[in-house]
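Peer 1: Need the 3D shape of this:
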Amino acid sequence: MSSELWDVIKTKNDLEAAKEQLELLENGLYRRGAGGFERVLESRVREEFAEIIKRKIKKVNNAGINERNIIIHEIKKELTKAKMISITVGIDLPISVINMLHEWIMERMGEGIVINVIKEIDVIAGAKIEYEGRYGDYSWKKLLEAFNWREIIGNRI
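Peer 2: Below is the predicted model:
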């Protein structure tokens, strides 16, 4: 289950949403109607995430409340293993770029790593990356600040 889980949970926002959705499902175990487990799974849980949960339930024949509770707690436990890599950029990254980044990171670092994308307008071309206490500034800000603009364009700035 873990690799399919990390194929769906790519960002910090995805991780937080999944945790909230698991709470809703857990609360829905003992309810019927709009707040019940099945209704929550269909209407309040992201489709790709819901499919993972449904497959897990299907593997357990006649999964009742206890079995569903165990499945929810297994997924919660897996989510607590997530490691965060923060990437600070100067623009909003399109989903396609986040997906490519996530795939690249998983290939090199393994699964269970989620991306925290931070937008800071101070970042000029490139990114700042932080992972497990290590930090790298791969933006052009320092280079451009050190550049002698007055020599190139005169007093126009």
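Peer 1: Quickly note the distance from residue 91 to residue 127.
Peer 2: Relative to residue 127, residue 91 is positioned 10 Å away (C-beta to C-beta, to the nearest Å). From N, CA and C alone the C-beta is placed, and that goes for glycine too.
Peer 1: What number of residues are in the vicinity of the nearest residue to residue 12 once chain neighbours are set aside?
Peer 2: Setting aside the residues directly before and after it, residue 12 is nearest to residue 116 in space (C-beta to C-beta, 6 or more residues apart in numbering), at 4.1 Å. Per other C-beta atoms under 10 Å, the neighbour tally for residue 116 reads 14.
Peer 1: so what's the residue nearest to the spatial centre of the chain bridging to?
Peer 2: The centroid of the chain falls nearest to residue 11 when counting by C-alpha atoms, centre = their mean (1.7 Å). Assessed by DSSP bridges, residue 11 has beta-bridge partners residue 115.
Peer 1: pLDDT below threshold where in this protein?
Peer 2: 1-2, 142-157 (pLDDT under 70).
Peer 1: Give me the domain ranges for it.
Peer 2: 2-80, 83-146 (automatic domain parsing).
Peer 1: Where do the strands of the protein begin and end?
Peer 2: Ranges of strands within the chain are 83-89, 113-119, 128-131, 134-137, based on DSSP state E.
Peer 1: List the buried residues of the third one.
Peer 2: Going by neighbour count (16 or more other C-beta atoms under 10 Å), the buried part of strand 128-131 is 128-130.
Peer 1: What helices and strands are in contact with that strand?
Peer 2: On a contact count with 3 or more C-beta pairs under 8 Å, 6 or more residues apart in numbering; DSSP states H and E, strand 128-131 meets strand 83-89, strand 134-137.
Peer 1: packing partners for the last one?
Peer 2: The criterion is 3+ C-beta pairs under 8 Å, 6+ apart, and the helices and strands that strand 134-137 contacts are strand 128-131.
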